[in-house]
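1. With the sequence up front, the predicted model follows.
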Amino acid sequence: MKKVLGFKDFEILDSIRGIASLFVTIAHCRGTLWIGGGEFLKMFPKETWGAWEYTIFSISMLTRLSVEFVIVFFVLSGFSIAHSLSSNTSIKQFYLRRLIRIYPSYIVALIWAGLIFALTRYWFPEWYDGSMTRFAFERTVPMNDFFEPTVILRNVFYMTNEQGMIAPFW
């Protein structure tokens, strides 16, 4: 295994990038899966907390760093991609390898998002009918249009135009 900057194939940098992507993923789920620190403190006074409440509050506070973790992820990804591109002899082969690496997981993520949406819409229709007024649920109402054939097709070819199952998919 070759050494680069004293690291074996960027293992440490890839680990940091993985941690950053985990925090970003949790932060994307934060608004939908739980209410956030301020609201949590109003609903559950600290005097009544057990281990579970401390854990949820800690995760909520840690995910507030998601903007910083996005920057870390992008910088390290750009560094990794630039290094990979510089050691490649064929630009066509580079992009083909990127497509083979990224596109299958993208399709799996679309299927997963569609499945979760269909199941939650079936079990909790009030999340999607506009009767829930919290911010997270106001964002779920437009999701009713996600299964239109043109929207699905645009998602498959990553032409979401801010409408689709995974609009912020990078």
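-> Happy to help now that I have it. Worth saying up front: this structure is predicted, and the values here are computed from it rather than measured.
2. Quick check: which element contains the residue nearest the centre of the chain?
-> Among the residues of the chain, the one closest to the centroid is Thr25, at 3.8 Å (C-alpha atoms, centre = their mean). Assigned by DSSP states H and E, Thr25 belongs to helix 11-33.
3. packing partners for that helix?
-> helix 51-62, helix 66-86, helix 135-138 (3 or more C-beta pairs under 8 Å, 6 or more residues apart in numbering; DSSP states H and E). In short, each C-beta sits where N, CA and C put it, glycine included.
4. would a markdown table of the ones you listed with mean pLDDT and distance to Gln93 be doable?
-> Output for the helices and strands packed on helix 11-33, formatted as a markdown table (pLDDT from 0 to 100; distance: least, C-beta to C-beta, whole Å):
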| stretch | mean pLDDT | distance to Gln93 |
| --- | --- | --- |
| helix 51-62 | 77 | 39 |
| helix 66-86 | 85 | 11 |
| helix 135-138 | 66 | 43 |
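5. what's the closest of these to Gly114?
-> Counting by C-beta to C-beta, Gly114 lies closest to helix 135-138 out of the helices and strands packed on helix 11-33; the figure is 19.1 Å.
6. Contacts only, for the residue nearest to the centre of the chain.
-> Contact analysis of Thr25 by C-beta atoms under 8 Å, 6 or more residues apart in numbering lists nothing.
7. what separates Asp14 from Phe23, distance-wise?
-> Noted for Asp14: a distance of 15 Å to Phe23, by C-beta to C-beta, to the nearest Å.
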